[in-house]
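Enquirer: Next come a sequence and a model predicted from it.
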Amino acid sequence: MTTTRVRKAILPVAGLGTRVLPAVKAIPKEMLPIVDRPVIEYAVDEAREAGIEEFIFVTARGKASIEDHFDRAPALEATLEGRGRKAELESVRNSTLTDGNVTFTRQHTPRGLGHAVWCARHAVGDEPFGVILPDDLIQAPRPCLGQLIEAYERVGGNVVAAVDVPREHTNRYGVLDVTSDDGRLAAAKGMVEKPDPEHAPSTLSIIGRYVLDPAVMRQLDRQAPGRGDEIQLTDAIAATIGDVPLHGLRFDGRRFDCGNKAGYVEAILAFALEHPETADATRALLQTYAARRAS
């Protein structure tokens, strides 16, 4: 199948993060650290490793520190260089996005994820695009978005990251109405936003990674409100079925919901156990606490 290459990714970062208050009272939730980097940097690194060339951040008031984080910091870099702090200097420079390949646009009114994605329409243009929700932090051997792009290059249309959840949790997710499933890639004829468990068409649920056909953006142009009187991205995707295919991909990797306290703590532990500077100390701490609880 011939497909247009996915070059752009939207990162919606306008949300308030009310589930982790008061930690995010004065800073964006996307700037909360996971070991030694903010959550948002992991999302950007995933996109870069997947081959994304243009990054479109959909922000809101109070999110300026995200833009600053990916900008140059000449005074800091000069200080680190003068002190011979090569590792720290490299880490600071690696967090900088290249001139001309980053766009920041505002979502002035919180009207749902679909509306946030629509706010990036002019930067995306008429081509396929990725969407990364930074709250969903994914630890994977290959970038999750890259896995979706590979699937998109085979089947085209819309490809979403999906996980199997307990049926009683389907009311937390968009859920796929599956027609065929090979255990990794599932074709779907529809999707339902946060269905009650007894009405859920399956338990295969969408998490925060998407590769979307430009037809989705054209549906978002209609500004049709859905559940909660918000503009739902899942509604726009569902409206394209029949014109373009929809698939859910069970990706290789572990997903952590950093939008809630327990998921955030779990992410810190998981990444600390993989970090060369913190792995041994974290493992020892966990063993110590486990022994205390057992005694």
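Expert: Arrived safely, thanks for sending. Numbers count the residues shown, from 1 in each chain.

Enquirer: what bits of the protein have low per-residue confidence?
Expert: Applying pLDDT under 70 to the chain picks out residues 1.

Enquirer: hey, where'd the helices end up in it?
Expert: 39-49, 64-69, 74-82, 86-94, 113-118, 121-124, 144-155, 214-220, 233-239, 261-272, 279-294 (DSSP state H).

Enquirer: which one of those helices lies closest to residue 26?
Expert: Residue 26 lies closest, by C-beta to C-beta, to one member of the helices of the chain: helix 64-69, at 9.8 Å. For glycine as for every other residue, the C-beta is placed from the backbone atoms N, C-alpha and C.

Enquirer: and that closest one, how far out from the chain's middle?
Expert: Put simply, helix 64-69 sits 18 Å off its chain's centre (C-alpha atoms, centre = their mean, to the nearest Å).

Enquirer: what does stretch 227-235 give?
Expert: 18 Å.

Enquirer: in it, what counts as buried?
Expert: 230-235 (16 or more other C-beta atoms under 10 Å).

Enquirer: neighbouring contacts of that stretch?
Expert: 111-115, 117-118, 131, 174, 191-194, 206, 210, 216, 219-220, 223-226 (C-beta atoms under 8 Å, 6 or more residues apart in numbering).

Enquirer: ok, so of the buried residues of stretch 227-235, who is nearest residue 242?
Expert: residue 235 (14.4 Å).

Enquirer: can you tell me how far that closest one sits from residue 195?
Expert: 13 Å (C-beta to C-beta, to the nearest Å).

Enquirer: for residue 203, same thing?
Expert: Counting by C-beta to C-beta - residue 203 and residue 195 are separated by 10 Å.

Enquirer: do residue 141 as well
Expert: 32 Å.

Enquirer: okay, the two: which has more neighbours?
Expert: When residue 141 is set against residue 195 and neighbours are counted by other C-beta atoms under 10 Å, the residue ahead is residue 195, at 19 against 7.

Enquirer: what about stretch 89-108, how long is it end to end?
Expert: With C-alpha to C-alpha, to the nearest Å as the measure, the ends of stretch 89-108 fall 35 Å from one another.

Enquirer: next one: stretch 20-30
Expert: Terminal-residue distance, stretch 20-30 (C-alpha to C-alpha): 11 Å.

Enquirer: buried ones in it?
Expert: 20, 24, 28-30.

Enquirer: same thing with stretch 178-195?
Expert: 178, 181, 185-188, 190-195.

Enquirer: Kindly export that stretch (C-alpha atoms) in CSV.
Expert: Taking C-alpha atoms only, stretch 178-195 is exported to CSV below (Å, rounded to 0.1, in the frame of the first residue of the first chain):
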residue,chain,number,x,y,z
VAL,A,178,-13.6,-5.1,16.5
THR,A,179,-14.3,-7.0,13.3
SER,A,180,-11.1,-9.0,13.1
ASP,A,181,-8.1,-9.5,15.3
ASP,A,182,-4.8,-11.3,14.8
GLY,A,183,-3.7,-10.7,18.4
ARG,A,184,-1.6,-7.6,17.6
LEU,A,185,-3.5,-5.6,14.9
ALA,A,186,-7.3,-5.4,15.2
ALA,A,187,-9.6,-4.0,12.5
ALA,A,188,-12.6,-2.1,13.7
LYS,A,189,-15.9,-1.0,12.3
GLY,A,190,-16.5,1.6,15.0
MET,A,191,-15.6,3.0,18.4
VAL,A,192,-17.5,4.2,21.4
GLU,A,193,-16.3,6.9,23.9
LYS,A,194,-16.3,5.7,27.5
PRO,A,195,-19.1,3.1,27.2
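
Enquirer: Can you give me the buried ones in stretch 146-165?
Expert: Buried, per 16+ other C-beta under 10 Å, within stretch 146-165: 146-149, 151-153, 155-163, 165.

Enquirer: Quick check: buried residues in stretch 78-89?
Expert: Result for stretch 78-89 [16+ other C-beta under 10 Å]: buried residues 80, 88-89.

Enquirer: Over to stretch 106-120?
Expert: 107, 111-120.

Enquirer: Mind putting those into JSON lines with distance to residue 243?
Expert: Below are the buried residues of stretch 106-120 laid out as JSON lines (distance: C-beta to C-beta, whole Å):
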{"residue": "107", "distance to residue 243": "27"}
{"residue": "111", "distance to residue 243": "25"}
{"residue": "112", "distance to residue 243": "22"}
{"residue": "113", "distance to residue 243": "21"}
{"residue": "114", "distance to residue 243": "17"}
{"residue": "115", "distance to residue 243": "22"}
{"residue": "116", "distance to residue 243": "23"}
{"residue": "117", "distance to residue 243": "18"}
{"residue": "118", "distance to residue 243": "18"}
{"residue": "119", "distance to residue 243": "23"}
{"residue": "120", "distance to residue 243": "21"}
